[in-house]
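>>> Test case, fold it:
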Amino acid sequence: MPIKIPKALPAYNALRTENVFVITDARANRQDIRPLKVAIVNLMPTTVETEIQLLRLLGNTPLQVDITLVRMGSHESRNAPPGHLEKFYVSTAEAMRGRFDGLIVTGAPVETLPFEDVDYWGELTELFDYSETRVWSTLHICWGAQAGLYHRYGIQKRLLPNKLFGVFAHGVNERHSPLFRGFDDEFLAPQSRHTEIDRAEIALAPALAVQSESPCGGAFIVTAREGREVYVTGHLEYDSLTLDREYRRDAAKGVPVAVPINYYPKNDPTKQPIVRWRAHAHLFFSNWLNYVYQETPYDLASLDKPR
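As a prediction, this is how the structure comes out:
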């Protein structure tokens, strides 16, 4: 089964071109099943690009996934196409009136700010608190992972001396975790961040488990409560040219930026990047959806109790 999204959403035609299974409300309503309900809190400035990246991965499953896009009402986006958020997104207040099998919180270009200085911090933490009883599993990406770990466990991020930028090898610590079913012993994943979470601080929180890490990037995937909280410090969802666009954007602005490591052939930015993380990205998101499908209650009303 495919993901269910509005036909007018730009991602619809982009994904259909790639033969990713997508359907509209009319067709989905004729299927006698309960779809997985997944909300995406998209905080990235590349609004449409991020939608396509995540929906591409969520569509690689036999399950029907009903997508709800969520925006921060306390933040004015300057990068989304005019009218896009109003047409395709719901407010956090509207989202929090319902229940979801899964919730995804993306990264955001605010990582050097103190968390409390982010203009939508109060709204986002309200959503985090809501998810404790109304969402089965939450998946946090990059800054979204740092924000979740800080809000729930008081773990502060710290500034790196240099931006962690490129494609890095990561190992799997918990081989029997359902999130890593079918993974190789080592896999590649993109990283693009100026801050990190101290591995030692994570170790002091008994509820947290480091499922995957890297010598260069530290903790990569951290979980809590048997997978009901998943924190990913990098960007498995990135497509082939995302790091390239980030590199050229910063270079054009005169921002000091190194060539992303292990990305271009022979580290030569005049050459076409080689994607070596796509298979594990699809596998990770499929594993997460399968975990949610296997564990979430059929009646989401039964989620209304503390974890």
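>>> CA-only coordinates of stretch 103-113 in PDB, if you can.
Listed next in PDB are the C-alpha coordinates belonging to stretch 103-113 (Å, rounded to 0.1, in the frame of the first residue of the first chain):
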ATOM      1  CA  LEU A 103       5.400  11.400  14.600                       C
ATOM      2  CA  ILE A 104       8.500  12.700  12.700                       C
ATOM      3  CA  VAL A 105      10.200  15.900  13.800                       C
ATOM      4  CA  THR A 106      12.800  17.200  11.200                       C
ATOM      5  CA  GLY A 107      16.000  19.100  11.700                       C
ATOM      6  CA  ALA A 108      16.000  22.900  11.600                       C
ATOM      7  CA  PRO A 109      18.600  25.700  10.800                       C
ATOM      8  CA  VAL A 110      18.700  26.900  14.400                       C
ATOM      9  CA  GLU A 111      21.200  24.600  16.000                       C
ATOM     10  CA  THR A 112      23.600  27.300  17.200                       C
ATOM     11  CA  LEU A 113      20.800  29.100  19.100                       C
END
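>>> For the stretch 1-150 of the chain, which segments are assigned as strands?
Here the stretch 1-150 of the chain has its strands, by DSSP state E, counting those that start in this stretch, at 3-4, 22-23, 36-41, 65-71, 89-91, 100-105, 135-141.
>>> Pull up the pairing partners for the fourth one, direction included.
Strand 65-71 has its sheet partners listed here by DSSP bridges as strand 3-4 (parallel), strand 36-41 (parallel), strand 89-91 (parallel).
>>> Which parts of this structure are helices?
Here the chain has its helices, by DSSP state H, at 10-17, 25-28, 47-58, 84-88, 92-95, 121-134, 143-153, 199-203, 242-252, 278-295.
>>> Can you redo those as JSON lines, where the extra columns are mean pLDDT, mean neighbour count and distance to Val222?
Any C-beta I mention is one placed from the backbone N, CA and C, and that applies to glycine too. Output for the helices of the chain, formatted as JSON lines (pLDDT from 0 to 100; neighbours: other C-beta atoms under 10 Å; distance: least, C-beta to C-beta, whole Å):
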{"stretch": "helix 10-17", "mean pLDDT": "86", "mean neighbour count": "16", "distance to Val222": "28"}
{"stretch": "helix 25-28", "mean pLDDT": "56", "mean neighbour count": "12", "distance to Val222": "34"}
{"stretch": "helix 47-58", "mean pLDDT": "95", "mean neighbour count": "23", "distance to Val222": "19"}
{"stretch": "helix 84-88", "mean pLDDT": "93", "mean neighbour count": "16", "distance to Val222": "30"}
{"stretch": "helix 92-95", "mean pLDDT": "96", "mean neighbour count": "17", "distance to Val222": "24"}
{"stretch": "helix 121-134", "mean pLDDT": "96", "mean neighbour count": "18", "distance to Val222": "15"}
{"stretch": "helix 143-153", "mean pLDDT": "98", "mean neighbour count": "23", "distance to Val222": "7"}
{"stretch": "helix 199-203", "mean pLDDT": "93", "mean neighbour count": "14", "distance to Val222": "6"}
{"stretch": "helix 242-252", "mean pLDDT": "96", "mean neighbour count": "16", "distance to Val222": "23"}
{"stretch": "helix 278-295", "mean pLDDT": "95", "mean neighbour count": "19", "distance to Val222": "14"}
